[in-house]
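**Q** here is a sequence with its predicted model. Questions after.
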Amino acid sequence: MVRRLRDKNGAIVAIELTAAEMAQTLGVPVEDLVQWTTLVPPHSGVAEAAIYRVASVKEVNHLKKRVALLKTRMSEEAVANVEEAGLLDSYAALAEDCPEGITAHVWRSYALVVLMQVRYGKMIDAKELAERAGLTEVDPNTGKLRPSVDMARKHLRLLQSVGPVGDTGTYLKVGTGPWEGQWEHKGLPKSWRGA
């Protein structure tokens, strides 16, 4: 049961929720919630016996954005990196219509491939996707970040394997190489259409 914490003047300063209540508030199964202890930390207790404390609607909305990404099966570390880069709001919006089976990060790559082909008439390969999407890795020789063509290829393979398809009849040609092919697409993600 929700417990209201008040200051000496009687004003509510925070509320405490059980794990089940917090899971319902955030729209996730409690089994998932209790695994995300870094980004949705309990105030006390563990697992289903955890108690969560929030001080404002703003804090709840912030947690909802984190959870939107976690629900796409992004790791807590990846979500923390997105947040650190100042991209939490845009990724949370992107996650809104992310198909099951891929992360919001891969869905962003999909959006970029569709945008380049449909809007600009340009088919991009893994190298260009890595550069445009900011998919990076550390160069073992220099220790500096460089575009990760391997990660871009992985994103393209994942997109083809889970098939983010729609009934639009629009086909998207995906680069050249072993993952070349055509697949139907649903157009740009909702957040990129301004819908």
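**A** Good, I have the coordinates.
**Q** quick one: low-confidence parts of this structure?
**A** Residue ranges of the chain with pLDDT under 70: 161-188, 194-195.
**Q** okay, domains of it per the record?
**A** Listed domain ranges for the chain are 3-95, 104-193 (source: automatic domain parsing).
**Q** let's have these in CSV, adding mean neighbour count.
**A** In short, each C-beta sits where N, CA and C put it, glycine included. Formatted as CSV, those follow (neighbours: other C-beta atoms under 10 Å):
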stretch, mean neighbour count
domain 3-95, 16
domain 104-193, 16
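**Q** how about the strands in the protein?
**A** Taking DSSP state E, the strands of the chain run over residues 3-6, 12-18, 51-54, 136-138, 145-147, 171-173, 182-184.
**Q** which of these sits closest to residue 90?
**A** Ranking the strands of the chain by proximity to residue 90 (C-beta to C-beta) places strand 136-138 first, at 17.7 Å.
**Q** what pairs with that closest one, parallel or antiparallel?
**A** According to DSSP bridges, strand 136-138 forms sheet pairs with strand 145-147 (antiparallel).
**Q** what lies in contact with the strand it pairs with?
**A** 127, 130, 131, 135, 136, 137, 138, 139 (C-beta atoms under 8 Å, 6 or more residues apart in numbering).
**Q** same check on stretch 54-65?
**A** With C-beta under 8 Å, 6+ apart as the test, stretch 54-65 has contacts from 13-15, 17, 25-27, 39-40, 88-89, 91-92.
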